[in-house]
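Asks: Here is a sequence with its predicted model. Questions after.
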Amino acid sequence: MLLHLNSKNFDSEVLQSKVPVLVDFSAIWCPPCQMMGPVMEKLAADFENKAKVAKVDIDECSDLAMKYNVMSVPSMIYFKNGEIKDQVIGAVPAEHLSDKLNQLL
């Protein structure tokens with residue numbers, strides 16, 4: 001299941017997570033972000049119980065976007081043990097994202 005993050009649950013769901021987390025920083029007005037929506041949903045299902053896949057709306061959570069220096073959307077940031085491990089900017093194939101997530105498992 002794709003998690004929807006906000007300022008209240010980001011720390012507990014991402015920074016304190018026992019499993020790797022892929023966070024998609026996106027916006028509803030962004031066509032590439034909309035293209036990535038089904039990709040992120042599929043990754044969430046594929047990695048269920050192994051890793052978390054989550055989404056942050058940068059318009060609703062501008063504080064998180066600023067904290068993680070998100071200048072372009074979509075921006076996918078990989079976290080493990082509360083630390084940023086990698087980042088991908090722009091619409092990319094699902095395999096690219098899943099390969100990077102598998103490396104963190």
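Replies: Happy to help now that I have it.

Asks: middle-most residue in this protein, spatially?
Replies: Val23 (1.3 Å; CA atoms, centre = their mean).

Asks: Quick check on that residue: phi, psi?
Replies: phi -110, psi 120 (degrees, to the nearest 10).

Asks: That one touches Val56, doesn't it?
Replies: Yes. Between Val23 and Val56 there is a contact under CB atoms under 8 Å: 5.9 Å. C-beta: built from backbone N, CA, C; applies to glycine.

Asks: got any residues that touch both of these two?
Replies: Leu5 (CB atoms under 8 Å, 6 or more residues apart in numbering).

Asks: buried stuff in the helix or strand Cys33 falls within?
Replies: When elements are assigned from DSSP states H and E, Cys33 belongs to helix 31-46. For helix 31-46, the neighbour count (16 or more other CB atoms under 10 Å) marks Cys33, Met36, Val39, Met40, Leu43, Ala44 as buried.

Asks: Throw these into a markdown table and include pLDDT, thanks.
Replies: Rendered in a markdown table, the data for the buried residues of helix 31-46 read as follows (pLDDT from 0 to 100):
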| residue | pLDDT |
| --- | --- |
| Cys33 | 96 |
| Met36 | 96 |
| Val39 | 96 |
| Met40 | 97 |
| Leu43 | 97 |
| Ala44 | 97 |
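
Asks: Quickly name whichever of those is closest to Lys85.
Replies: Leu43 (15.8 Å; CB to CB).

Asks: Touching, that closest one and Leu101? I think so.
Replies: Yes. In this structure Leu43 lies within contact range of Leu101 using CB under 8 Å: 7.1 Å.

Asks: tell me, what's touching those two both at once?
Replies: With CB under 8 Å, 6+ apart, Leu43 and Leu101 have common neighbours Leu22, Val53.

Asks: so where does Met66 fall, helix or strand?
Replies: Short version, using DSSP H and E: Met66 is in helix 62-67.

Asks: ditto for Phe25
Replies: strand 21-26.

Asks: so what pLDDT did Met1 get?
Replies: pLDDT for Met1: 87.

Asks: give me every residue that touches it.
Replies: Met1 touches Ala44, Ala45, Glu48, counting by CB under 8 Å, 6+ apart.
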